[in-house]
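>>> Got a predicted model here, sequence first, then my questions.
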Amino acid sequence: MGFGQFWTSFGQSKTHRNFGQFWTVQNCPIEKSNWTSPKPTTELEDQRLSGKGFTVDNHPFEVYGIPDAHECIDGNLPLRLVLDIDVRQKPDPMNPELPFLDKYKITREDLLSRILIACVNILYSDLNHLAILDAFALASSSNTNKCSWHIVYKYAQFVDYRDLRGFVKKVADRVGKPYFEFIDLGLYKSRFNLWLLGSAKEDRVKRPAVFSVKQGYRKLEDYLVQPKSDYSKI
């Protein structure tokens, strides 16, 4: 079948709970030089501390307001299809040399549609898996100046980060210049992290796209790369 395997076990019992692990930046065993300093989380009433980090109980609203909370991902284990898109619509006044969409007369809708269509086409051509655009869960930054997206497709499971990176490289090749510049190909490593849905970062919050919520992606679990349990609805 080549790279990529597919899940058939979505009907697992909801009564079996192994609470998922979400780590604050200070506990995550990966490079953190570009992260802001985390703030204390002691004001959160319903969290359990563990040796590796903290565990979020029961409801994803408990994540909201926790600064710099990330899902820490073991790239050597199976993981979902995920792409990280990060670019500004207009020039960054602090880093004007960075690429931005207006430079290429690209809208964020055009960027997202090209990437999603490329994913669908490659899933079908390489893996004989028929996907639809409505099946992708999108999470975006609340900062309207940025086009910062996590794209998660929960119906495809890859063997490890190398397998996933190979697929994403094919997506980048398919969309071509300049679109591939905005896909973070350096994300996929033996251990990497993604900003957790609902977590605050400076003045920004990662939140589900309205489109995805309308499609029924209301659970925290829908936006995780390595989900470990079911979660209450947002």
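Perfect, I can see it now.
>>> need the helices for the chain, in chain order.
Under the criterion DSSP state H, the chain contains helices at 108-127, 161-175, 210-214.
>>> for those helices, which one sits closest to A69?
Nearest to A69 among the helices of the chain is helix 210-214; the distance by C-beta to C-beta comes to 19.8 Å. Using the backbone N, CA and C atoms, a C-beta is placed for each residue, glycine as well.
>>> Sort out which residues of the closest one are buried, please.
By neighbour count with 16 or more other C-beta atoms under 10 Å, helix 210-214 contains the buried residues S212, V213.
>>> okay, S125: pLDDT?
What the model reports as pLDDT for S125 is 95.
>>> And it, how far from L164?
Distance, S125 to L164, by C-beta to C-beta, to the nearest Å: 17 Å.
>>> Kindly report the same for S113.
Taking C-beta to C-beta, one finds S113 at 22 Å from L164.
>>> Check E109 too.
Counting by C-beta to C-beta, the separation of E109 from L164 is 25 Å.
>>> more neighbours, S125 and L164?
L164 (25 against 11; other C-beta atoms under 10 Å).
>>> Verify the stated contact: the more buried one with Y188.
Yes: at 5.6 Å, L164 counts as touching Y188 under the criterion of C-beta atoms under 8 Å.
>>> and for those two, which residues touch both?
Listed as contacting both L164 and Y188 by C-beta atoms under 8 Å, 6 or more residues apart in numbering are G75.
>>> In space, what's closest to P208 - neighbours in sequence excluded?
A139 (5.4 Å; C-beta to C-beta, 6 or more residues apart in numbering).
>>> what about that neighbour, neighbour count?
When neighbours are counted by other C-beta under 10 Å, A139 comes out with 22.
>>> got the contact list for it?
So A139 contacts W149, H150, V152, L197, K206, R207, P208, A209, S212, Y223 (C-beta under 8 Å, 6+ apart).
>>> From L196, how far out is the nearest residue in space to the second one that is not next to it in sequence?
Of all residues not flanking H150 in the chain, A139 sits nearest, at 4.5 Å (C-beta to C-beta, 6+ apart). When distances are taken as C-beta to C-beta, A139 and L196 turn out to be 9 Å apart.
>>> cool, L133 as well?
Where L196 is concerned, L133 sits at a distance of 24 Å (C-beta to C-beta).
>>> Between these two, which is the more surrounded one?
Taking other C-beta under 10 Å, L133 and L196 do not tie; L196 has more neighbours (26 against 13).
>>> Since that was my last question, I'll sign off now.
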